[in-house]
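J.: Build me a model:
(one chain, ligands or ions: 1)
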Amino acid sequence: MPTRPDTLPTPKPADQHPALRDWRCQRCFKLLGRHDGARVQLHFARGHQYFAAMPVTAICRCCGKLNELRSGKTG
Ligand SMILES: [Zn+2]
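T.: Next comes the predicted model:
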């Protein structure tokens, strides 16, 4: 009797963060990071990544505008 697997294991990528929305500069729309409503994912050079809890404040590297992101705020 041949054996075959009934179910294949479901791949669960640990580094995947679903439903991340873009966080963009209010003035020039430069991408500042991504957020899931509670935390902000920040990218830096050479592949460094950070997750920060809201509220997060960032100065746009492009136009210098101060941007603030608070939890519960969409967009
Ligand atoms: Zn800007």
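
J.: The ion contacts on the chain?
T.: Residues of the chain lying close to the ion (C-beta under 5 Å from the ion) are 25, 27-28, 30, 60, 62-63, 65. For the C-beta atoms, the positions are set from N, CA and C on the backbone; glycine is no exception.

J.: Distance check, Ala19 against Gly47.
T.: 22 Å (C-beta to C-beta, to the nearest Å).

J.: So, low pLDDT: which residues of the chain?
T.: The chain contains residues with pLDDT under 70 at 1-2, 4-5, 8-18, 72-75.

J.: before we move on, the earlier item: would you mind listing which of the residues of the chain next to the ion are buried?
T.: 25, 60 (16 or more other C-beta atoms under 10 Å).

J.: Can you tell me which of the residues of the chain next to the ion is nearest His43?
T.: The closest of the residues of the chain next to the ion to His43 turns out to be Lys30 (C-beta to C-beta; 12.5 Å).

J.: Quick check: that closest one touching Ala58?
T.: No: look at Lys30 against Ala58 with C-beta atoms under 8 Å: they stay out of range, at 10.2 Å.
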